[in-house]
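Colleague: one predicted model, sequence on top.
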Amino acid sequence: MNAPRSDCKFPSVTPNPQSARGANQKKLHPGRTSEYKHRVSQEGKFWHWFLKHEQELFNLDSNPEPLFTQLISALSRVDRDLTFEIGPGADKRELVISAGGIKRAFPAVSRLVQAAPPQLARWTITAFRPRTPLPITLEIEGKRVSSEDVQFSLLENGSVAGIRLFIHGYNEQSTLFKQFGYLLLDAALGEYDVETGLGFIQMLPPEESTSEHRYPFADLPELFDQLIARLGKRSGIPC
């Protein structure tokens, strides 16, 4: 779990959860030659599988579940936490390789994307879920949350950034609304910036009283980037 730094003057809040996204995962130790060879072998096997099914994946418009199940299985052999998104397109499609917001798996995402073969001219291979134009509406298990109904406050202590999200219907016991919150953050900031740029995240119902100014969710990308720049950091995936 990524606990706030001991010198932070933040109020008592829920740390940026590695917690809700996969706490207590073991770290990778890529320095051993045998592990490196095994890792490269698994990456090669994944892209070999992908090339074998490339035509099916590119033209897949209906009943995708069986092939998607195979794709998840192929990804899990690289790292158990890897997942994906495939975007629509007539001439070119995008395959997003994601760590599901689990920071431990970020190196696996980077290595797999870097190992993509040159034969994928019809595909854009993207590491981590990218930012999505706002507004968006999410629906899970029959419940909906629109980004237009969400507000936020940004906080910082001179070195670390944090955020409070105010979501209608949120309560501490609701894992569903926590999921909404993380998906909204990923959409606004991208998976990489959420996990590397926010030192803590707190979700609250809008009626909760707080002292910080609240902004509409649509303002988050711009204000986050300004805060990260002010803190002397860099948003976005490093080249």
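Modeller: Thanks, I have the structure now.

Colleague: residues touching the most centrally placed residue in the chain, list them.
Modeller: The centroid of the chain falls nearest to E191 when counting by C-alpha atoms, centre = their mean (2.8 Å). E191 makes contacts with S98, A99, G101, F128, R129, P130, as judged by C-beta atoms under 8 Å, 6 or more residues apart in numbering. In short, each C-beta sits where N, CA and C put it, glycine included.

Colleague: hmm, try it at 7 Å
Modeller: Neighbouring residues of E191 by C-beta atoms under 7 Å, 6 or more residues apart in numbering: S98, A99, G101, F128, R129.

Colleague: pretty sure A188 belongs to a helix, no?
Modeller: Yes: under DSSP: H, G, I helix; E, B strand; the rest coil, A188 sits within a helix.

Colleague: what about it, how many residues nearby?
Modeller: A188: 23 surrounding residues under other C-beta atoms under 10 Å.

Colleague: what sits closest to it if chain neighbours are left out?
Modeller: L220 (4.6 Å; C-beta to C-beta, 6 or more residues apart in numbering).

Colleague: how deep is that neighbour tucked in, by neighbour count?
Modeller: 23.

Colleague: which element is it on?
Modeller: L220 belongs to helix 220-230 when assigned by DSSP states H and E.

Colleague: rewinding a little: hang on, the residue nearest to A188 packs against G190?
Modeller: No: counting by C-beta atoms under 7 Å, L220 stays clear of G190, with 11.4 Å between them.

Colleague: where in this structure is pLDDT low?
Modeller: 1-40, 234-235, 238-239 (pLDDT under 70).

Colleague: got the contacts of E191 as JSON lines, with distance to S159 and secondary structure columns?
Modeller: JSON lines is the format used below for the contacts of E191 (distance: C-beta to C-beta, whole Å; DSSP: H, G, I helix; E, B strand; the rest coil):
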{"residue": "S98", "distance to S159": "28", "secondary structure": "strand"}
{"residue": "A99", "distance to S159": "25", "secondary structure": "coil"}
{"residue": "G101", "distance to S159": "23", "secondary structure": "coil"}
{"residue": "F128", "distance to S159": "24", "secondary structure": "coil"}
{"residue": "R129", "distance to S159": "26", "secondary structure": "coil"}
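
Colleague: which among those end up buried?
Modeller: Buried subset of the contacts of E191 (neighbour count, 16 or more other C-beta atoms under 10 Å): S98, A99, G101, F128, R129.

Colleague: between those residues, which sits nearest L51?
Modeller: When those are compared for distance to L51 (C-beta to C-beta), S98 wins out at 20.4 Å.

Colleague: what's near enough to touch T126?
Modeller: T126 makes contacts with E94, L95, V96, as judged by C-beta under 7 Å, 6+ apart.

Colleague: from those, which ones fall inside strands?
Modeller: Mapping the contacts of T126 onto strands (DSSP state E) picks out E94, L95, V96.
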